[in-house]
Structure formats: structure tokens, C-alpha cells
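> fold the following for me, if possible:
(chains A and B)
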Amino acid sequence: MFRYILRRLLQMVLAFFGTTLIVYALTFAGQGDPIQALAGERPVTPAQRAYLTEKYNLDQTGVGGFFYRYFDYVKDLLQGNLGESLTGRSIGDILQQAWPVTVRLALIALAVAIIFGVTAGVLAGIRRASIFDNSTLVLTLLVLGIPTIVLAPLAQYFLGVKWQLFPPTAGSDPTFYALLLPGIVLGSLSLATALRLTRASVAENLRADYVRTARSKGLVKRRIVVVHVLRNSLIPVVTFLGVELGNLMSGAIITEGVFNIPGVGFNLFRGIRTEDGPLVVGIVSVLVVVYLVSNLVVDVLYAVLDPRIRYE
Amino acid sequence: MTVNPTPASATPEGGHLLELRDLHVEFRTNEGVARVINGVSYHLDAGETLAVLGESGSGKSVTAQAIMGILDTPPAFVRSGQILYRGEDLLTRSEEQRRQVRGKEIAMIFQDALSALNPVFPVGWQIGETLRQRAGMSRADARRRAVELMDLVKIPGAAKRIGDYPHQFSGGMRQRVMIAMALALDPKVLIADEPTTALDVTVQAQIMDLLADLRRELNMAMILITHDLGVVAGVADRIAVMYAGRIVEHADVRSLYKAPAHPYTKGLLESIPRLDVRGQELSTIKGLPPNLMRIPSGCPFHPRCPYVQQVCVDEVPHDLVLGDGRTSACHFAQEVRDDSVAR
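Predicted structure coming up:
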């Protein structure tokens, strides 16, 4: 197990450099004149141009120059310095403000998925072909079929604006209550998937041979379901939820955009829209790390839950 | 079973320990009703071994699951009949009373121990679970007893292996774990449903020997379900041969092997490869087992039977008593037996 984790950590280093390189290249390679892009419509004086060329090492051209700047960037990155956005703010500061909001939103969404999705999935799996099972099927297909870009404004309009059950937007430094509706909208997709997954898994495990054995031991039905079936059924569900938490932590561009939540996705979207290269690369680099770590945690968790998985 | 006032080892006057009377089970599916068990009657006395023999789909496992009360309902429904344990009909008991019987009075082991054991719990935990849940043992006592049981079924280094998971055992050892689990509550009847089918030949023999030894030591009665005539010979006292959900022949092992009195049994025996008859093509039973949704009229074996006459198509044969407790559900049972002897 230790060796497995070590090997995975080494793979993570490779994945980290690979992804940052690609994002860095895609963001900067396409720009014709980065200095003009920075200045926008305004003219650039030769003195400013010389200063910026010096500052961003733009005097080195071609592939060599690109890698020079990339390694320069990575060097800073490894020292914990994410650099500055084109607006002059420290990217580290931006993330420090944005992340707690996104994490809170992610936890609300995940809680919604677990509390409603897994519970309903277990019930639907036990009562196959019942009214409950069929109605959850229709509801989840509906949720899975509606894109967030439609669902989020709908929820905002009806629940926030028209019936005023929730605040329609969050704004800076949002409260738990303000994040609740966006959290539910964001979690609904995970909820639907978690429900389908749990239902299928429970239904399959209820037919397993070991259930027949447990019955022949004379165990009460409740124990067979709660101890034997559930423990086996939740292995794929926990894996899914772990990966999903990684996804949610990296921000939700659409949901954060619609509800005006100053989280990671919100900032990333702003960076892309304003062609703020350093900001985009900085955020994505950190997202890559979050994603890699959450995936490693999921894999280790999987081995803990299922003794048949042995990582050599 | 608390309803039974008689002491544990006693069987009611003149009755059998376990007796099936005219059991009918059907599977109701979307495609139609499959009549899987069509009037099975057999009995088991304390301390004896009954082998139930038959092809896949003959209903031998379903019968066993009906005795245990672990049929999946739906699709399986017990339509009629009686399952008498110590003279009391289990089918009239409540689910809770039947649960009490499971494991404690009648226990069962299954064909594929790998899938029959829960993959995510250690074997010691699974054996101990029965003791904790059913006998009210403490965690420590259950663990100690689990080691004893694993020793009893001759798992080497039982104390060390108690924390291992099912996938860490070999096939034979896994089946021993299954057996240890079934023996946890000292059952009076052990149903072994093809216990050696998933194992290779040398291990098969070891498991059969173990079962025979344990049955004797613990003075249990055993129902051994198998499709393998070779497995039966050394272990069983009596044999019930099943075909299409019926018992077609019922006899003690010696007389059945010497002179089968049903064409199906005869066919089964003749299809065993023999060392003394070399160079000849192995005889087989032609045709396929019947579709249980459309069981042939009359004798269900008639489409495959070399003795078939018009009467076989028209009339269901009744059990013909041949003496010594032998029965055969064949219109020509005498002829078949005489043929077998003459051979």
C-alpha cells in the first residue's frame, strides 16, 4: 500500500507538469502580441513596452523562449508564488478569498447528494418496481436531462425572485443560507447520479449469493440489508462521491456565475473572459493539484472499503 | 424451534426427522409459469445421508431452498405440500419461526463458496456473526468458537487465518469455511447443495470425506445434493433421483447401483466413463431436459426414454413399490430393473 501511494505521488508529479505545460501553452501560445493584449485598446509607449518585455522575458522568442518562461513560471509556482493577474492582484490572494466559498458550496452540494441521493437510492433498490422506484427514475432522468445552465436560472427565478424563499444571489462573503439554493442546484446532478448508482448497486447485491447465505444463517432481514448488502453496495457509491467532491471543489463556473458567488469557478470564468492568462493558468494549476489529490484519496479509500483490491 | 416440546434428539413416534410430502413449487415469471417442483416427497431420518441426484434444472436445489425457506418470492411460490420437521409443518409457521429453524435446526452449504461468502468481511467475523446474532455470544467468545470451528473443519493455522478474507483462501479452504459456518449452531440437518462442484477432483474427495466424518462425529442427518454419481456412492445411505421436479427413483445406494429401476437412472449410470469398457463410444441420454414451462404429457421423461410406449405419453406413472423401500416412477420399472440385472 505504501509503495502504491508513493508511485501514485510520482505519477502525480508528472501529471502536474504535463497539465500545467498544456494549459500554459494553450493560454499564451495563441496570443499575437501579449503586451498589446495586456494593454487592450490603449497605445503602448516604447518605454512601457521595454519594461514589460523585460518583466515577462518576452525578448526570448520561439520555442526556447516559451520554455524559458514556462520554467520561470513553474519555479515561482513551486515556491508557492502563483504570480499576479494582469490586473495586478496576487493570484494567491484571489484564491484565498475564493476557495472557502467554493468549499462551502461543494460541501452543501455533496451533503444534498448523500442525504437525498443515497437514501432514496437504497430505498428504490430495496423496493424495485414500486411507485417510489419508478417516480425516482422519472425525477432523476429529468434532472440529468436538464443542463445546469437552464436549471440554475429557473431555480433562481422561481425560488429566489418569484416566491422569495431563498436569496436570489449570494454576493461577496455569502452566508450559509445564501449558498443553500446554489448548493442544491449544484448537488442535484450528483444527487441524481448517486441515486441511480446506489439503486443499481443495492438491487444487484440483494440478488447476490452471499445474501442467500446470510438468510440461511437465520439472520433478521434488517441486518442482512444494513450490514451485508449496504456495505457491498456503497463501495461504488463512495468512489463516485469522492471523485465528485474533487469536481465540486474545483468550482462550478455556471452555478457560481448565475448566483453571483465569488468562488473559484467565478474567478476562473472572469479570467477566461478577460484573457487574463496568468490568472487562468494559476487557478488551473491549483485545480490540477486538488483533483489529483482527491483522486488519490478515493483510490486509497476504495482499497480500505473493498479488501479484494490490493495495490501492489 | 420453541414450538417443539420434545428433547432435541428425539423424533416423534414413528415419524421422520424431516419429511417432504407432495411439494409443489412454481416460478411465476413474465414469460409464464414454470412448474419447478411437481410433487416431491422424501424423508430423512436422524443420522442418515440422503443423496438427491439430478441434472441442472431438475429442481433439487429449489427443493432444498424450499426446506430452508430461502426461496426468492417472487418469483418462486410454494403452491402446495408439506415440509414436516419433527412432525411439524414448516410451511404453516410464521417467517420468524422459520428463521429460528434456519442455521440452528437445518443448515445449508452452497456450491460456490467464493460468491456465497460475503467478500468484504473476514471469515472469522462471518462465522462469528451466526454465534453472536443467534446464540447471543460475546464478540470474544464468538471469535474463540470460530477458531474452534475452523479447526474442526481442518483449516490449517485457524487462529492466524481468522482475519483473512474469503478471496485469500483456496477453493477447498473456502468451502471448509462455509462448512464451519453452517456447523456453528449444531444443526440437526445439514443440506449440502453441490458442495464439491466448483472444486477440482482431489479437493472434491477431501471435502466429501470431511463432510462424511463430520456427519458421523456430530450425528447429523445430511441431504447431499449433487449431479455427480461418483460423489454419492461412498457417502450416501439412500438416493433420490430427480427429473423435471419429481422424484423418479428412490432406493438405497447398493440396490440402485446394482440394478436401477428407472430408465433415467439407468441412463445416468451408463453415461459414467468406465475403465473396463474401453474403445466403445460413451453412451449418453439423448435429448435435453424438458422446458419446465411445457413439461411433456404423461411421464416427463418419455421423449428421451428408450422404453417409451403409448402409455407413457398418456399416463403419469405412479410410484411403483419394488420392495426394500424402493420406488420407481416408471410404467415399466420391473422390466428396467430386470434388464439392469441381466446386463
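> direction included, what does the helix or strand hosting B:Val36 pair against?
In this assignment (DSSP states H and E), B:Val36 forms part of strand B:32-44. Sheet pairing for strand B:32-44, assigned by DSSP bridges, gives strand B:18-29 (antiparallel).
> hmm, A:Val280 and A:Thr27 touching each other?
Yes. A:Thr27 is within contact range of A:Val280, at 5.5 Å (criterion: C-beta atoms under 8 Å). Backbone N, C-alpha and C define where each C-beta goes, glycine included.
> that older thread, packing partners of the next helix or strand after the strand holding B:Val36?
The C-terminal neighbour of strand B:32-44 among helices and strands, as given by DSSP H and E, is strand B:49-53. Judged by 3 or more C-beta pairs under 8 Å, 6 or more residues apart in numbering or on different chains; DSSP states H and E, the packing partners of strand B:49-53 are strand B:32-44, helix B:60-68, strand B:221-226, helix B:229-233, strand B:238-243.
> list the buried residues for the longest one?
If you call a residue buried by 16 or more other C-beta atoms under 10 Å in any protein chain shown, then strand B:32-44 has these buried ones: B:Ala34, B:Arg35, B:Val36, B:Ile37, B:Asn38, B:Gly39, B:Val40, B:Ser41, B:Tyr42, B:His43, B:Leu44.
> just the CA trace of that strand, in PDB.
Extracted in PDB, the C-alpha atoms of strand B:32-44 (Å, rounded to 0.1, in the frame of the first residue of the first chain):
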ATOM      1  CA  GLY B  32     -45.200 -17.800 -17.900                       C
ATOM      2  CA  VAL B  33     -45.300 -20.200 -15.000                       C
ATOM      3  CA  ALA B  34     -42.500 -22.700 -14.700                       C
ATOM      4  CA  ARG B  35     -43.500 -25.800 -12.600                       C
ATOM      5  CA  VAL B  36     -40.200 -26.500 -11.000                       C
ATOM      6  CA  ILE B  37     -41.200 -28.900  -8.300                       C
ATOM      7  CA  ASN B  38     -44.100 -31.200  -9.100                       C
ATOM      8  CA  GLY B  39     -45.000 -33.300  -6.100                       C
ATOM      9  CA  VAL B  40     -41.700 -34.200  -4.400                       C
ATOM     10  CA  SER B  41     -41.900 -36.400  -1.400                       C
ATOM     11  CA  TYR B  42     -38.900 -37.700   0.500                       C
ATOM     12  CA  HIS B  43     -37.800 -38.200   4.100                       C
ATOM     13  CA  LEU B  44     -34.700 -38.100   6.200                       C
END
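> got the contact list for that strand?
B:16-27, B:50, B:52, B:59, B:62-63, B:66, B:76, B:81, B:189, B:221, B:223, B:240, B:242, B:244-247, B:250, B:292-293, B:295 (C-beta atoms under 8 Å, 6 or more residues apart in numbering or on different chains).
> how far away is B:His227 from B:Val52?
Per C-beta to C-beta, to the nearest Å, B:His227 is found 10 Å from B:Val52.
> quick one, which of the two is more surrounded?
Legend: neighbour count by other C-beta atoms under 10 Å in any protein chain shown for B:His227 and B:Val52, higher for B:Val52 (29 against 17).
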